[in-house]
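# One predicted model, sequence on top.
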Amino acid sequence: MHVSQQPDRFVFPFTELVGALHLHTTFSDGGVTYPQMILAAQDVGLDYVVVTDHMALSGRDAGFEGFAGSLFVCVGYEHNDDNNKNHYLVLGTESVIGYHAEAQGYIDRVREAGGVGFMAHPAEKRHYFEAYPAYPWTNWNVTGFDGIELWNQMSDWLENLRTRLHFTRLFYPRRFLREAPRELLSRWDEFGRTRFVAGMGGVDAHTMKIRIGIMRRTVFPIKVELKGIRTHLYLQNPLPPSDPKRSKSLLVEALKKGRSFISNFRRSDARGSLIYLEYGEGRVVCPGMPDEEVPAPAIIRVRLPREAELRFIKNGSCIDRRKGASADFDVRTKGSYRIEAWLGKHAWIYSNPFCVGGYPLW
């Protein structure tokens, strides 16, 4: 590991947008209206939200897509197969794809329609909460998908309800978010061997109400939901407020190309984090799908708002660790490299990978 100071005159060449993805409203099975969700997102300081009601683009049709002050509202939808499995977050299509038979079919149709798709809560499990069954991804032989939801906030919480004693978690729903599923990270890393697959974090906000005996409680009130798993985008320029259509295109493209990292706001606010690769004569690239082949040697630089345990991952294996708010990691050979930041036993940040060299990367 190489450690050095960031150049005094360095100016980060990207704009950061912090947002929440995979939100549901009363247009499907969510517990809040669009105005309520928008107000909550504004109050907690988000730059964008992505709403994905089930099989519906009603929010767009009702005129909610676009800027609400400085907040950009992007409307997509959540698809599923005939067995209510293999859920797929779809962005950028003009209409809902009318096909449910099997996942490969709607993945192909979404792509043909110019859309972008992410596998939703693909490793979802249930241990106790039978009233809310799991909806995992079951067809791992599919091709052509753009990304994967690595950390789903609602799934994480539900999966950790194992006994009645765990219902104490109703009162502190974000406290127990620990890490993205390791089996899913392994799959993601393996996908990255032969092609780029974007990773994102999802809230899966439903603001659902549950009843236990005579007690009724709203789990994850919307403001609480929006203070959990976030996806930070790096864009070359700010979204143009005068052109909502262009803004949506830029946002969806950044998600597709993985120009981003995931954070758990409950542990700490990661806004302002700089995670980038530098090579050649000072050329800087952010995480995600490379626009051109990046050669070795290079340096991945990390600058965070607070100290953490920084983990340097190459081809799915941790090859270096450092405690601190900043570090520079040497990249000497081709491969897929990414950064994780941990606060104690809790994951805080997962970056999308930096792809060095041509595919296959190892």
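On my side now, so go ahead.

# quick one: contacts for residue 140?
residue 187 (CB atoms under 8 Å, 6 or more residues apart in numbering). Yep, even glycine has a C-beta here, placed from its N, CA and C like the rest.

# which strands and helices sit next to the helix ranked longest in the chain?
Of all the segments assigned as helix in the chain under DSSP state H, the longest by residue count is helix 244-256. When contacts are defined as 3 or more CB pairs under 8 Å, 6 or more residues apart in numbering; DSSP states H and E, helix 244-256 packs onto strand 15-23, strand 48-54, strand 66-68, strand 71-79, strand 116-119, strand 198-202, strand 229-235.

# again, 10 Å this time
Using 3 or more CB pairs under 10 Å, 6 or more residues apart in numbering; DSSP states H and E, the elements in contact with helix 244-256 are strand 15-23, strand 48-54, strand 66-68, strand 71-79, strand 88-91, strand 116-119, strand 198-202, strand 229-235.

# Just give me how far the following helix or strand past it sits from the chain centre.
Following the chain from helix 244-256 toward its C-terminal end, the next helix or strand by DSSP states H and E is strand 260-264. From the chain centre to the centre of strand 260-264 is a distance of 6 Å (CA atoms, centre = their mean, to the nearest Å).

# So for strand 260-264, mean pLDDT?
Averaged across strand 260-264, the pLDDT comes to 98.

# Stretch 72-82 now?
97.

# Extract the C-alpha set from it and format it as CSV.
Coordinates of each C-alpha in stretch 72-82 appear next as CSV, following Å, rounded to 0.1, in the frame of the first residue of the first chain:
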residue,chain,number,x,y,z
PHE,A,72,-34.9,15.3,-8.5
VAL,A,73,-37.6,12.7,-8.6
CYS,A,74,-37.0,9.8,-11.0
VAL,A,75,-39.8,7.3,-11.6
GLY,A,76,-39.2,3.7,-12.6
TYR,A,77,-41.0,0.5,-11.6
GLU,A,78,-40.5,-2.9,-10.2
HIS,A,79,-41.2,-6.0,-12.4
ASN,A,80,-41.6,-9.6,-11.4
ASP,A,81,-42.3,-13.0,-12.9
ASP,A,82,-45.4,-15.1,-12.8
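
# looking at the helices and strands packed on helix 244-256, which is closest to residue 293?
With respect to residue 293, and counting by CB to CB, the nearest of the helices and strands packed on helix 244-256 is strand 198-202 at 18.3 Å.

# Now do the closest one against strand 229-235, angle only.
140 degrees (axes from the mean of the first three to the mean of the last three CA atoms, to 10 degrees).

# Okay, now the sheet partners of strand 198-202, with direction.
The partner list of strand 198-202 in its sheet, established with DSSP bridges, is strand 147-152 (parallel).

# Just confirm residue 94 contacts residue 110, I think it does.
No: between residue 94 and residue 110 there is no contact under CB atoms under 10 Å: 11.4 Å.

# which of these two has more neighbours?
Between residue 94 and residue 110, residue 110 has the larger neighbour count (other CB atoms under 10 Å), namely 23 against 9.

# Do you know the pLDDT at that one?
The model reports residue 110 with a pLDDT of 98.

# Strands of the stretch 201-350 of the chain, start to end?
Assigned strands in the stretch 201-350 of the chain, in chain order: 209-212, 215-218, 229-235, 260-264, 274-279, 283-285, 298-314, 317-331, 335-343, 346-351 (criterion: DSSP state E, counting those that start in this stretch).

# quick one: residue 275 and residue 149, what's the gap?
Look at residue 275 and residue 149: by CB to CB, to the nearest Å, they are 20 Å apart.
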